[in-house]
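K.L.:
Structure, please.
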Amino acid sequence: MTFKKADITKKANVYHGGDVTSRSIVTAEGESKTLGFMRAGSYHFNTDTAEIMEILYGECRVRFQGSDAWHLYSEGESFDVPANSSFDIEVSDVLDYICHFA
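P.N.:
Residues are numbered from 1 along each chain as shown. Now for the predicted structure:
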């Protein structure tokens, strides 16, 4: 996947003490995305807008708000997160991802 003529925010989004980082981009078509990386660990995130999280490398377990069930996602897969919700994510090694925002 290549983004041509995209605007990239120079400053990184840094979460959980630097274990999760991402860079915001806006494509020429006006699509908002973040390109990110997570180190091994367990994290909790809240969402304001709906997003699709696409796994580019690695795998993770995800538990969505209001559920006790964990779901496994790996390279080439994605999952939807509703707006105004939250999710827990566990990464056992490293995770390279892209979030697509609605």
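K.L.:
Which pLDDT value goes with residue 1?
P.N.:
With respect to pLDDT, residue 1 scores 72.
K.L.:
who does the closest residue to it other than its chain neighbours bridge with?
P.N.:
Ranked by C-beta to C-beta, 6 or more residues apart in numbering and with sequence neighbours excluded, the top spatial neighbour of residue 1 is residue 98, at 7.7 Å. C-beta: built from backbone N, CA, C; applies to glycine. On the basis of DSSP bridges, residue 98 is bridged to residue 35, residue 54.
K.L.:
if we look at stretch 1-18, which residues are touching it?
P.N.:
20-28, 33-34, 36, 41, 43, 45, 98 (C-beta atoms under 8 Å, 6 or more residues apart in numbering).
K.L.:
circling back: contacting residues around the residue nearest to residue 1?
P.N.:
So residue 98 contacts 1, 33, 34, 35, 36, 53, 54, 56 (C-beta under 8 Å, 6+ apart).
K.L.:
With respect to residue 81, which of those is nearest?
P.N.:
Of all those, residue 81 sits closest to residue 53, with 6.4 Å by C-beta to C-beta.
K.L.:
My read is that residue 87 contacts residue 51, right?
P.N.:
No: Residue 87 is not in contact with residue 51 according to C-beta atoms under 8 Å; the separation is 9.8 Å.
K.L.:
if we can go back for a sec, need the per-residue pLDDT for the residue nearest to residue 1.
P.N.:
97.
K.L.:
What separation is there between it and residue 74?
P.N.:
With distances taken as C-beta to C-beta, to the nearest Å, residue 98 is found 15 Å from residue 74.
K.L.:
Residue 18 too?
P.N.:
24 Å.
K.L.:
just residue 94 next, same as before
P.N.:
13 Å.
K.L.:
Residues that sit against both of the two, list them.
P.N.:
Joint contacts of residue 94 and residue 74 (C-beta under 8 Å, 6+ apart) are residue 58.
K.L.:
partner residues bridging residue 78?
P.N.:
In beta-bridge terms (that is, DSSP bridges), residue 78 pairs with residue 54.
K.L.:
tell me the contacts of it?
P.N.:
52, 53, 54, 55.
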